[in-house]
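Asker: Please find the sequence and the predicted model below.
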Amino acid sequence: MMKSKADEEDYWNSSKYNAFTFDDADDELSAVRPEPEPESKRARTGSGSVYGTKTETKLLKLKETKKAVNRIGPLLAEDGEEDWERVSWSGEPVGSISWSVKELAASNQRADREPAFPKISTETPSLSKSQSGISLSSLFKGKPKGGNLQTFNDGESDERTILGDSSLRLYTPELRKPKSEYKDLISDWSAEETVQRLQQGKVSDPAAGAQRADQNQNQNQNLPVCVPQGVTLEKFRSLQDKLLLLDLAVAAHDGNAITAVLIYLKRTLCKGLSLRRFCCRWLNVTFSPFGFFCSEVLFRELESRQTALRHFIHYLTENREQRLLLELLRALGRTEEAALLQYKDYKNIADENKRRDFLKSCLSLQFGGEDGNHVQDHYTLLERQIIIEAADRKAEREGKLEVFQKFPRKASILNMPLITTLYYCCFYHYNESEGTFSSPLNVRQTFKISEKQYFTTALAARAKLKNWTDVDAMFNSRNWLGFSKKKSPLSFQRVVDILQKNSAPTQVLQEYVGLVSDAELRIGLAQKHKCHDIVINTYRDMKDRQQLAEYRKKVERGSAEEQKIDELLSNQ
Amino acid sequence: MSPLDRIANVSTLKQHEVDKLYKVEHKPIVSISDQICFLIRPRIQTVKWICDVVNADKAVGKFRRYKIIFTPQKFYACEAVLEEQGVFGDVTTDEWAFYLLPLDEDIISLELPEFFRDNFLAGDQRWVRTAGSALHLLHSLFGPFSKVYGIGRCSKMTYESWREQVEQGEQKARHAEIGNVFLIDRDVDFVTPLCSQVVYEGLVDDIFRIKCGCVEFGPEVTSSDKSIKVMLNSQDKVFNEIRNEHFSNVFGFLSQKARNLQTAYDKRRGMDIQQMKTFVSEELKGLKQEHRLLSLHISASESIMKKKTKQDFQELLKTEHCLLEGFEIRECISFIEEHINRQISMIESLRLLCLLSVTENGLLPKDFKSLKAQYLQSYGADHLLTFSNLRQLGLLVEQQPGETLTVMESKVGKLVNDRAAVKLTDAFSSLAKKSHFRALSKKLNLIPKSEEDYDLRVPRDMAYIFSGAYIPLSCKIIEQVLERDGWTGLEEVTRLINGHEFAVTGADPKSKSDARRIILVMFLGGCTFSEISALRFLGKEKGYKFIVVTTAITNSSRLLEALLDNNI
């Protein structure tokens, strides 16, 4: 069995996409590597000179500089790593910031007020507070205390809650002593105040909160009580109040507050019938509500509140509430997004057969634009990969086919992109008849791969195998007018590039460099790949004696090339 | 390097009795310790992992104390998860209001790369208040600001959030150290971060990825088998001199530096004992340090050269420049197509596609269809989701026929016969290709005239950061607004950018004149090192000092990786 060489990196598995982007062997820095500088009508001298023909000189210059630096070396030898530490920038400013912040917080001095900055309108729909009809605070003030779970907490109101789900706190022992001065503050907040509290967001953890309250007390003796208070949303029970809360949060541009209110809405609005609704949509039956379904209400209200809607979608995405999200998108008529979302689920299916079946089930979804075709291709591809993989694994195990012996497969072809699959097929199944699933021509046909794409991939695969006859044939087969001319859907410059990256020998390269029509480009490539004959012939055709003489210095002393140049120079 | 490393490294944490450090992952924590503290960004996913850890412990009857410290703040959604998973109360939570990490003398980062995706793709405003608080913190330390300019939706909201916090809080009277503030949204200018960076610091970031002001040079640079981490900032004298230079100047500079160093070392020849003593005690250390840095940056430059010559960087830059100028677009498209066909870097192909779309104001339907299909074939069908994200953000879209245009066409169409109408339609649709970027670029002269040679050694404008081919839009806007002290005369520009501009004055601009030359520029959604270099240049030209505050340092790869669909 042939051991793969070091430079033959994983050609389809190292990365999904690294089908044939091989690194060439690292050139020595001193190697003469003039880059071709294509004539650009608007070449900018600046950019041009950096990476252009001056590359060579730049590199040499750099190398010399490096040498010079190394030459100064001896003084340096004894140093260890620790000098690097000194370079590092000290954390000082960070410290100073937090220091000053602390200082700021501790200072009780009320200084002159800032010059007030004006408010600018940020695009939010103006709030119609009349929505709720009644002033909220007055509404809640009259409320009997025993009305909700809040009573349990009123005695120990230094405790933080989140989103008012106070029932939970019943299970967590509260050791703190009640602090009378905080009493009753919670239940008096209006919607505006609640949103403000939400924005300040310093809530929820009982122990830490209490500690902080203590600290605040110690530090801020003469300040009014500014203890972070728990926020409860429980008391906003009518839909109008809830929506007002939402609108206020949106108006405050605080995503955290918006999401908090949305979570509360989601929790407190029923969603029991969503499944039935889901099924009706699925069956394309028009759904008529037999009553009051709150999720529909929520969806409807969100539709007119785009900012809140985006937050809700993002929250559901992050929280992986796929079903509700799908339902929401469908209710909003965003079927294309819903389809993509469902399709995306295939990533969670590891087993290839199940994945294939899942993809098949996705075909009926309403994708937008061409996406349906792409999903169809995805399904067809995986189906085919499963067949090829099974056959090739068997062939490899049985050891009947030479190519698997010589170039053992490094990974399974399952779940690779189409072009990687095509490359694989060109590599292992090049000459198969069009009837088989693994035949490159069949793959090309099925997936309507463009000629150029097919050519590029096949060229790289055959070059990788160093099968130069196949490579050669690719250019000839296209030419039915005779034997004279090689044709390629790809520019010959690109062909040379691909061949060179697959370490083609100079005589192979030479043939294709010679086919580059632009003389300047041809010389550049020829110099890069050391195709001396082409350089010499091109200069000869251009009758450029000076360049020829110049090039003489670059070829080996006493070589055939030098001789040829000498002949040419003396001829004229 | 993580932000925490910049503040408290492992040994500091050990001194405070931290037993072991783990990365938060979705797997059980093997530790005998009975106290676990999680320092995390407020993300639902992370909190869910932690809940699993806690519940797993509970299931085996293990008792531990858990604390989650959210930084810079906690979100209700995260706490709701704790509650839903039944661990609220078992886990205590706290916040670490950590907003600003100074990466250098003039760069402050919030280190919130997720800001970009959350805000611009998902439309989630969770970080608006965070940005407002960061600004508030700066204001309380270095304010009062006398003027605030801004452009973009998020900038406006951040301004409002900051203003409210100022109103609610209290300040000490102090002398302003920073006079003016400029807020700018990343989506005002997507072109700039999509371009290849060719200024040294930007190039290093593109190739080696600078994390938190620190870069790790691998064996190919260190020419040994281990890699080293190096802080890159103004303390590094060599780096400080080349960071803003166009890459083509870096070589010249480094060799000059090497010669100077040689001369300095040579001084020691012919010294007597006393002189030698002074030399060793005073100069030698500095010289050695410089020597080290010099050889490091030379190796880094070598490595950059090698990588870039390998991937036909020249051709790539040419394509980018053509796209920026709107020149030879067909050739550009076939270049991109070949890139895709050959399965060269997935991100690079995507970058070129986006640059094409943003500069051309969308792709022609025919091109869009074919390029998308080829992209999916080369890099996998799952990029359907990536394309959907890019479309949502407007980074990669199909051209829509302009509505005003069709009205015109139908009017004209009535007057002429069918064949002429077809011709007219063609003419109109070619007009329709003129995109906002083209118009902006014309309006603001973003593309310097190309007839003259551009001397990168002596840059004459900010275009030098892109080899003289393009002045970054973001920085040009900042320059214009500062020059005009507002948006007057830029109405057309703001209309093309889609508005949301503002300029507000604090009541009392009595600040010292030097404070007014100091300008805080806050990039919401990230900025690139190239933009920072451009601002440094602008500062030098116009006598400003810019301090850049950004939600994170970004570049084309980070920008696009944030939009792939494999995260979340």
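Answerer: Happy to help now that I have it.

Asker: Would you mind measuring from the closest residue in space to B:Tyr76 that isn't next to it in sequence to B:Leu137?
Answerer: Spatial nearest neighbour of B:Tyr76, excluding adjacent residues (Cβ to Cβ, 6 or more residues apart in numbering or on different chains): A:Ala260 at 3.7 Å. C-beta: built from backbone N, CA, C; applies to glycine. Between A:Ala260 and B:Leu137 the computed distance is 23 Å (Cβ to Cβ, to the nearest Å).

Asker: Neighbour count: the two, which is higher?
Answerer: The neighbour comparison of A:Ala260 against B:Leu137 (other Cβ atoms under 10 Å in any protein chain shown) goes to A:Ala260, with 31 against 21.

Asker: in what helix or strand does the more buried one lie?
Answerer: Taking DSSP states H and E as the criterion, A:Ala260 maps to helix A:255-268.

Asker: Which strands or helices does that helix pack on?
Answerer: Judged by 3 or more Cβ pairs under 8 Å, 6 or more residues apart in numbering or on different chains; DSSP states H and E, the packing partners of helix A:255-268 are helix A:191-200, helix A:239-251, helix A:306-318, helix B:76-84, helix B:128-142.

Asker: one step back: in this structure the residue nearest to B:Tyr76 contacts B:Cys78, no?
Answerer: No - contact status for A:Ala260 versus B:Cys78: not in contact, 10.7 Å apart, counting by Cβ atoms under 8 Å.

Asker: intersection of neighbour lists for these two?
Answerer: Common contacts of A:Ala260 and B:Cys78 (Cβ atoms under 8 Å, 6 or more residues apart in numbering or on different chains): none found.

Asker: quick one: buried residues of the strand or helix carrying B:Met157?
Answerer: Taking DSSP H and E as the definition, one finds B:Met157 inside helix B:153-168. For helix B:153-168, the neighbour count (16 or more other Cβ atoms under 10 Å in any protein chain shown) marks B:153-166 as buried.

Asker: What ranges does the chain have for its strands?
Answerer: Since no chain was named, I'll use chain A. In chain A, no strands are defined using DSSP state E.

Asker: ah, I was thinking of chain B
Answerer: B:35-40, B:65-70, B:91-95, B:101-104, B:107-109, B:147-151, B:180-185, B:214-217, B:228-231, B:501-505, B:518-524, B:545-550.

Asker: residue contacts, A:Phe299?
Answerer: Counting by Cβ under 8 Å, 6+ apart, A:Phe299 makes contact with A:Leu328, A:Ala331, A:Leu332.

Asker: Please tell me how far it sits from A:Arg334.
Answerer: According to Cβ to Cβ, A:Phe299 stands 11 Å off from A:Arg334.

Asker: what do you get for B:Asp453?
Answerer: 53 Å.

Asker: Looking at these two, which has the bigger crowd around it?
Answerer: The neighbour comparison of B:Asp453 against A:Arg334 (other Cβ under 10 Å) goes to A:Arg334, with 15 against 10.

Asker: Ramachandran angles for that one?
Answerer: Main-chain torsions, A:Arg334, degrees, to the nearest 10: phi -90, psi 70.

Asker: Model confidence for it, exactly?
Answerer: In this model, A:Arg334 is scored at 89, pLDDT.

Asker: and the gap between it and chain B?
Answerer: 11 Å (Cβ to the nearest Cβ, to the nearest Å).

Asker: helices or strands up against the helix holding B:Met157?
Answerer: Checking 3+ Cβ pairs under 8 Å, 6+ apart, helix B:153-168 ends up next to helix B:128-142, strand B:147-151, strand B:180-185, strand B:501-505, strand B:518-524.

Asker: Quick check: which of these is nearest to B:Ile207?
Answerer: Of all these, strand B:518-524 sits nearest to B:Ile207, with 22.0 Å by Cβ to Cβ.

Asker: Spell out which parts of the stretch 401-550 of chain B neighbour chain A.
Answerer: B:450, B:453-456, B:464, B:467-469, B:500, B:502, B:504, B:506-508 (Cβ under 8 Å from any Cβ of the partner chain).

Asker: is stretch B:308-326 up against chain A anywhere?
Answerer: Yes - looking at stretch B:308-326 against chain A by Cβ under 8 Å from any Cβ, the contacts come from B:Lys308, B:Thr309, B:Lys310, B:Asp312, B:Phe313, B:Gln314, B:Glu315, B:Leu317, B:Lys318, B:His321, B:Glu325.

Asker: Now for the nearest residue to the last one once chain neighbours are set aside, how many residues are close by?
Answerer: If I follow you right, that is B:Glu325. In space, and not counting its chain neighbours, B:Glu325 is closest to B:Ile447: 5.5 Å by Cβ to Cβ, 6+ apart. Neighbourhood size, B:Ile447 [other Cβ under 10 Å]: 20.

Asker: who touches stretch A:363-373?
Answerer: For stretch A:363-373, contacts defined as Cβ under 8 Å, 6+ apart pick out A:335-336, A:338-340, A:342-343, A:374-376, A:379, B:369, B:372-373, B:384.

Asker: same thing but 7 Å
Answerer: Residues outside stretch A:363-373 that contact it (Cβ atoms under 7 Å, 6 or more residues apart in numbering or on different chains) are A:Thr335, A:Glu336, A:Ala339, A:Gln342, A:Tyr343, A:Val375, A:Gln376, A:Tyr379, B:Lys369, B:Leu384.

Asker: Could you tell me the end-to-end distance of it?
Answerer: One end of stretch A:363-373 to the other measures 9 Å (Cα to Cα, to the nearest Å).

Asker: Just the mean pLDDT for that stretch, thanks.
Answerer: For stretch A:363-373, the per-residue pLDDT averages 89.

Asker: Go through it and flag the buried ones.
Answerer: Neighbour counts using 16+ other Cβ under 10 Å place A:Leu365, A:Phe367, A:Glu370, A:Asp371, A:Gly372 of stretch A:363-373 among the buried residues.

Asker: Of those, which pair is most distant in space?
Answerer: Greatest spacing in the buried residues of stretch A:363-373, by Cβ to Cβ: A:Leu365 and A:Glu370 (13.8 Å).

Asker: Enumerate the residues of the stretch 251-400 of chain A near chain B.
Answerer: Contacts of the stretch 251-400 of chain A with chain B, taken as Cβ under 7 Å from any Cβ of the partner chain, map to A:253-256, A:258-260, A:263, A:310-311, A:314-315, A:317-319, A:340, A:344, A:347, A:370-371, A:374, A:377-378.

Asker: what do you get if the cut-off is 8 Å, keeping everything else the same?
Answerer: A:252-260, A:263, A:307, A:310-311, A:313-315, A:317-319, A:337, A:340, A:343-344, A:347, A:370-371, A:374-375, A:377-378, A:381.

Asker: residues touching A:Ile523, list them.
Answerer: A:Ile534, A:Val535, A:Thr538, A:Tyr539.

Asker: looking at those, which has the most residues close by?
Answerer: Of all the contacts of A:Ile523, the highest neighbour tally under other Cβ under 10 Å goes to A:Val535, namely 24 neighbours.

Asker: Against chain B, how distant is that one?
Answerer: Look at A:Val535 and chain B: by Cβ to the nearest Cβ, they are 20 Å apart.

Asker: what residues are up against that residue?
Answerer: A:Ile523, A:Ala526, A:Gln527, A:Tyr551.

Asker: Was I right to think B:Ile50 contacts B:Ile68?
Answerer: Yes - with contact defined as Cβ under 8 Å, B:Ile50 and B:Ile68 form a contacting pair (6.4 Å).

Asker: Could you pull out the residues contacting both of those two?
Answerer: Listed contacts common to B:Ile50 and B:Ile68 are B:Phe38, B:Ile40, B:Val91; contacts here mean Cβ under 8 Å, 6+ apart.
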